[in-house]
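A.B. asks: After the sequence you'll find the predicted model.
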Amino acid sequence: MVKAKMTFPPDFLWGTATSAHQVEGNNDNNDWWQFEQGDGNIVNGHKSGLACDWWRNAEQDLDAAAEMGTNALRISLEWSRIEPRPGQYDQAALGRYREILLAMIKRGIEPMVCLHHFTNPLWLVEQGDFNNDNVADLFQRYTATAVDALGDLVLKWLTLNEPMVYVFSRYLDGVYPKPSVEGFSGARQAFENLLRCHAAAYYTIKDKYPQAPAGVAKQFRVFEAPRDGSALDRWWAGRLSNIFNHAWMKAMQSGRLAPPFGRSAIKNLAGAFDFCGINYYTRSSVRFRPRQGLFVEEWAEDAVVGDANYGEVYPYGLYRVIRMALPYQKPIYITENGLPDSEDRLRPAFILDHLRQIWHAISFCYPVMGYYHWSLIDNFEWERGWTQRFGLIAMDEETQERSWRPSAFLYQEICRSYGISSDMAARYAPQMLYVMFPGSAPAVL
Ligand code: BGC
């Protein structure tokens, strides 16, 4: 068979992504842990428990990440471990994070570190967390401690993970731990305070390490009306895209809030980011049905979806969201991309087709510098507990046993050869040579 190859730039980062609460285990001093104890909050009453046991032994999975040929890993720090009580810092916890970062570097894996990935210390929740207008000072103090203790080992920083998803899921959708002020007014205040937190953390990092790039992992999503949608549905999809994808980005760029969140200026915010972190998962097909909630989502009949109807697999959307980020004129990292697929039915084709979209973007000289697959290993999937499996590596949370899914071997070949080729598709996803995901650009392989 003739072999066609798409080669990536030699300095491209091949990574995977995780977050503290989802992998560390026994994070019992934060709001998610508390939420997991409540009835009906998590599907099937699942709990994070020992998670992937990283607090005791991240090293075993770091060995696997190195063996897989990855050269980058995104982790997050757990605020409630570093600052278990207000103003008191746990040196042992900081020491353990140093050990984990050193273990990554020793294995040739470049650390990208996120300061906040959905969880808050319980003491902060008691103070109203993002509905307390002091929160940016508290976040700044925590960031300064983390940067002083760990900054020499961190190559890239993320201040926050998916602020828009966080605000939506916690304040409007109500599937995350309850905030002290619910509804739109709580959401608006949290949005503004998250921007303040970001600006404060950004300059705290830059003061000490001016060369270390810092940004936000921002979820981007394609919003569209269904094929038979009305003009109103199309208008609404455009509005949602604008708010969900661009309100946060425009605020970071201009230093001002944008409607519907207000117009006020935020100190030190304008231009305070060095790269765009894009988390991309899916396309939302939406109709304007105000009486049934903010939006009603549906999929076309031929849509391919991940486990438990997680969402449509739409690789071309990755190319589209990369284009959405171009006006911000910064380097781009794909800081998350993956799907729940316990049987690895779709994942090999998913990986190949999403990387093909990145290659396509790079061929236009769009500055995509790295890819972090979500996730290295099955982990605690928030309100969906252990029902969704995003790992390249499968893990049984009862026995802690690990096994590589075919996708892990595929990703290993990709990372080691710096590219994707037609023989990989033939071996791992033969269906891909003939049938692409609906709506994807025609296959080039
Ligand atoms: C989050 C991850 C999560 C993933 C899959 C992202 O929104 O940042 O923590 O596991 O989606 O649902």
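C.D. replies: Alright, I've got the coordinates.
A.B. asks: is it true that Glu192 lies in a helix?
C.D. replies: Yes: counting by DSSP: H, G, I helix; E, B strand; the rest coil, Glu192 falls inside a helix.
A.B. asks: Up against the ligand, what does the stretch 1-150 of the chain have?
C.D. replies: Applying Cβ under 6 Å from any ligand atom, we find that the stretch 1-150 of the chain lies next to the ligand at 19, 22. For glycine as for every other residue, the C-beta is placed from the backbone atoms N, C-alpha and C.
A.B. asks: Which parts of the stretch 1-150 of the chain are strands?
C.D. replies: Secondary structure of the stretch 1-150 of the chain (DSSP state E, counting those that start in this stretch): strands at 5-7, 13-17, 72-76, 110-114.
A.B. asks: now what about the first one, what contacts it?
C.D. replies: Taking contacts as Cβ atoms under 8 Å, 6 or more residues apart in numbering, the residues outside strand 5-7 that touch it are 355-356, 359, 417-422, 444-445.
A.B. asks: Partner strands of it and their direction?
C.D. replies: Sheet pairing here is set by DSSP bridges, and for strand 5-7 it gives strand 419-421 (antiparallel).
A.B. asks: Mean confidence (pLDDT) on the strand it pairs with, please.
C.D. replies: For strand 419-421, mean pLDDT is 93.
A.B. asks: Please apply the same query to stretch 247-262.
C.D. replies: On average, stretch 247-262 scores 95.
A.B. asks: end to end, how far does it reach?
C.D. replies: Stretch 247-262 has an end-to-end distance of 11 Å (Cα to Cα, to the nearest Å).
A.B. asks: what's the offset of that stretch from the middle of its chain?
C.D. replies: Relative to its chain's centre, stretch 247-262 lies at 21 Å (Cα atoms, centre = their mean, to the nearest Å).
A.B. asks: tell me which residues in that stretch are buried?
C.D. replies: Using 16 or more other Cβ atoms under 10 Å as the test for burial, stretch 247-262 gives 247-253, 255-258, 261.
A.B. asks: From those, pick the one nearest the ligand.
C.D. replies: Trp248 (14.2 Å; Cβ to the nearest ligand atom).
A.B. asks: elements contacting the helix or strand that closest one falls within?
C.D. replies: Assigned by DSSP states H and E, Trp248 falls within helix 247-254. Applying 3 or more Cβ pairs under 8 Å, 6 or more residues apart in numbering; DSSP states H and E, one finds that helix 247-254 makes contact with helix 163-167, helix 183-208, strand 214-224.
A.B. asks: angle of that helix against helix 183-208?
C.D. replies: Helix 247-254 and helix 183-208 are oriented at 40 degrees to each other (axes from the mean of the first three to the mean of the last three Cα atoms, to 10 degrees).
A.B. asks: what's the next secondary structure element after helix 247-254?
C.D. replies: strand 275-287.
A.B. asks: same for that following strand, what does it pack against?
C.D. replies: Using 3+ Cβ pairs under 8 Å, 6+ apart, the elements in contact with strand 275-287 are strand 156-161, strand 214-224, helix 231-241, strand 296-297, helix 316-325, strand 332-336.
A.B. asks: In CSV, list those along with mean neighbour count and distance to the ligand.
C.D. replies: Formatted as CSV, the helices and strands packed on strand 275-287 follow (neighbours: other Cβ atoms under 10 Å; distance: least, Cβ to the nearest ligand atom, whole Å):
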stretch, mean neighbour count, distance to the ligand
strand 156-161, 25, 5
strand 214-224, 24, 6
helix 231-241, 16, 17
strand 296-297, 15, 15
helix 316-325, 21, 14
strand 332-336, 27, 6
